[in-house]
Each structure stands twice: as C-alpha cells, then as structure tokens.
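> here are the coordinates; sequence isn't available:
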C-alpha cells in the first residue's frame, strides 16, 4: 500500500525538534517559522509539555465521554479564565474543521434556521459543512455543495445587512484573521458592525479563531482587538501544540440538549493534558505578550522592504505579499537559508512561528531575507 498523494512534498523530513529548531535525518538544521500551519504554539518538545504528556500516558491515555473526566473540567475552567470567556461553555472535539462543523450545527439547532453567511476568501475546513462555508470551489466536491451558504465580500457591511434582513440565517461565520487566504483582517469597525447586525436580526456570530487564536495575534483571540464578544468561538491549531484537539466555546444563552453534539475521541485524557500544558507555558512564559513584541519587530523590519509589496497581519500571524521580482523566495529561504515558512498562493509568504520565538531568531530571518533580496 502507498499513500494517497494529495500533497506536494518537499524532499525534507524533520526527525527532531526543539523550540523553533528542526533537524532532518542527515543532521541538517532548520529554523521553523511556520509551526506546521500555526500548530506549534509553545515550540517543539517543550520540556513541560513532554513531562505532562508522559506522566498522563503512564496513568490513562483514553476513555470515552461516557464517564467523568476531571481533566476536561480543568481545561474548560483554565481556558475560560485565560481567554476572558470564563462564563462560556466548552465542547471538545478533534480538529478545527470538526469544531466549525459543530459550531454551525449548534447555531442551526439554537435558531431553528438553516442558512449561513460566510465571506470571500474564507477557509473553515475540508469536511462537509466546513468546506461548504469555505470560498474555494476547487476543494468542494459535488457532495459538499449546499444552497444554505452565501458568500459576501469581507468588509462589506451593507451586503451583510441585506442578507441578514431576510430573516433566514442561523449564523455568520468569520475568521478572526483570514489565514489561508493570505492574512486578511476583517477590521475593527467591520467586526463591531457585524456584532450589532447579528444582535439586531437574532443571528449567531461564530468567530473562527482556529489559526488566529491562542495568542498568535498578540491577543488571546484576534477578535478581541475589536472589543466584541462572539456567541461561539472555534479553536484548534495552537491549542495542544500538535496533539489533535479542537474546541467550541459557547455562550451561556445557548443551552445544550443531550444528543445534540457528540464525539468519541474529543476531549480525551491525553489531548486535554496537552492543552493544559500549552496554557501553562503561555501564561508562565508570557507568550501572548511575546507574540505582540516580536510581531512588532517583524513589522518594523519588513514593512516597506523592497521585496514586500504589502505587509499584513498582527503579532505572529504575518502575510508578506511579494513583488513580482521575488516570487520563488520561499523556496530559496528553505533550501539556501534553512527557514521553514508558509505560503498563500505563489506570491504570499506566511510567517506563523511558535509564540516562543525570540527577537534574535527573528533578526536572523530578517538578515537572511535581505541577503536573498539584495
């Protein structure tokens, strides 16, 4: 049997990691400024993370949600306090796409309505409901097509109001910062207007913070820059530093009924332990503040750089749109300078490093960048 080939793969296999450094089987060293799609929030193999997971694995790795699990309750309480959503409820699942599926399902249960409003360039996942709300027809199979999702341009508040005024919508779903699209912010005024319209028309506001959450933007959730509160927040990537987990954070006015949601593996003992370890490190090492500080350094050094047509993002969620002469720079950064970065199409480099990244490491990247763009 061979693997089902759905990815274009670089001919590099990392076999060991520590903080922002990776090594391949030949001992070549790389600096990771992508974190495996924004997943590595506290660095590779953080000692506290390894210790907590190892200790839990020696006690109990898994049991189903048919029994009590105090680690789940500890995680819910801790996440509520750290995020500022301590009066909300937490449903645990296994991934970001699954979190969005459950969020949209929950909004439909709550309102009794079917329609969802999403935005141009949005990415919410590859499973059936999540991909239907993703603005990329190339990854949406005929099976995924639905007439229940409408897309409007990001930032067009008049288009939002026109749709919501029909009275047919269960939810609006929006990313705190669009990631896969190339790092686009919805804007403070737009998010505030969106919150007001959802209140006016009785629509559930779902904030997808799967990539932009967990301190990456310099706030715990990116939408907190706009001083708005969502009805439902979805989270995943940075939540457990590589251990599969997802979360749906649900406002108190949305009440559960038995059987409404469910999961086999979601919230298992190892996943919750990993997520608690991440919150320990985020708090103890002041990583949200570090994301804001090092992000400001990147912006100071790279905004206005001759190779950068446009600098987008907040904190450590950065999109660098390249000028035409510099397309292909990402491969050179990897193969010549040994820096892992992400991309959005051919012209945008995405930086999504661990929140532990130092200004010294950021400076090494800036120097390498300038050496390649002279």
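Great, that's in hand. The model shown is predicted, which means the values in this text are computed figures rather than measured ones. Residues are numbered from 1 along each chain as shown.
> Could you break this protein into its assigned domains?
Domain segmentation of the chain under automatic domain parsing yields 22-42+286-372, 48-284.
> possible to save these as CSV with mean pLDDT?
Converted to CSV, those look like this (pLDDT from 0 to 100):
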stretch, mean pLDDT
domain 22-42+286-372, 97
domain 48-284, 97
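> Residue 4 is nearest to which of these?
Proximity to residue 4, assessed across those by Cβ to Cβ, is greatest for domain 48-284 (13.8 Å). All C-beta spots, glycine's among them, are computed from the backbone N, C-alpha and C.
> measure the closest one end to end?
End-to-end distance of domain 48-284 (Cα to Cα, to the nearest Å): 11 Å.
> can you check stretch 334-353 too?
Stretch 334-353 end-to-end distance (Cα to Cα) = 14 Å.
> Tell me the buried residues in it?
334, 337-342, 344, 347-353 (16 or more other Cβ atoms under 10 Å).
> Same check on stretch 253-264?
Per 16+ other Cβ under 10 Å, stretch 253-264 contains these buried residues: 254, 261, 263.
> The second one sits in which helix or strand?
In this structure, residue 261 is located outside every helix and strand according to DSSP states H and E.
> got a list of what it touches?
Shown in contact with residue 261 (Cβ atoms under 8 Å, 6 or more residues apart in numbering): 91, 102, 105-106, 248.
> about what we covered before: between the domains of the chain, which gets nearest to residue 2?
Here domain 22-42+286-372 is closest among these (Cβ to Cβ), at 20.5 Å.
> Could you tell me how far that closest one lies from the centre of the chain?
Chain-centre distance of domain 22-42+286-372: 17 Å, with Cα atoms, centre = their mean, to the nearest Å.
> For that domain, measure first residue to last.
First-to-last residue span, domain 22-42+286-372, Cα to Cα: 22 Å.
> Could you look up the SS state of the most centrally placed residue in the chain?
Among the residues of the chain, the one closest to the centroid is residue 211, at 1.2 Å (Cα atoms, centre = their mean). State at residue 211, reduced to three classes by DSSP: H, G, I helix; E, B strand; the rest coil: coil.
> Count residues in the vicinity of the closest residue to residue 202 other than its chain neighbours, would you?
Excluding its sequence neighbours, the residue lying closest to residue 202 (Cβ to Cβ, 6 or more residues apart in numbering) is residue 111, at 6.8 Å. A count of nearby residues for residue 111, using other Cβ atoms under 10 Å, gives 17.
> before we move on, what about the one 10 residues further on?
Residue 121: 18 surrounding residues under other Cβ under 10 Å.
> Could you report the neighbour count for the nearest residue to it once chain neighbours are set aside?
Once flanking residues are discounted, residue 121 sits nearest to residue 181: 3.7 Å by Cβ to Cβ, 6+ apart. Neighbourhood size, residue 181 [other Cβ under 10 Å]: 21.
> residues in contact with residue 181?
So residue 181 contacts 121-123, 344 (Cβ under 8 Å, 6+ apart).
> Could you point out which of the domains of the chain sits nearest residue 15?
Nearest to residue 15, of the domains of the chain and by Cβ to Cβ, is domain 22-42+286-372 at 5.1 Å.
> about what we covered before: just want the phi and psi numbers for the residue nearest to the centre of the chain.
phi -100, psi -30 (degrees, to the nearest 10).
> so how far is residue 259 from the residue nearest to it when sequence neighbours are not counted?
Using Cβ to Cβ, 6+ apart and skipping the chain neighbours, the partner closest in space to residue 211 is residue 179 (3.8 Å). To residue 259, residue 179 is 33 Å away according to Cβ to Cβ, to the nearest Å.
> Helix or strand next in line after the helix or strand harbouring residue 349, which one?
Using DSSP H and E, the element containing residue 349 is strand 348-351. Per DSSP H and E, the first helix or strand lying C-terminal to strand 348-351 is helix 359-372.
> Okay, buried residues for that next one please.
Result for helix 359-372 [16+ other Cβ under 10 Å]: buried residues 361-362, 365-366, 368-369.
> Need phi/psi at the residue lying closest to residue 185 once chain neighbours are set aside.
Among residues not flanking residue 185 along the chain, residue 177 sits closest, at 5.2 Å (Cβ to Cβ, 6+ apart). Residue 177 adopts backbone torsions of phi -140, psi 130, taken as degrees, to the nearest 10.
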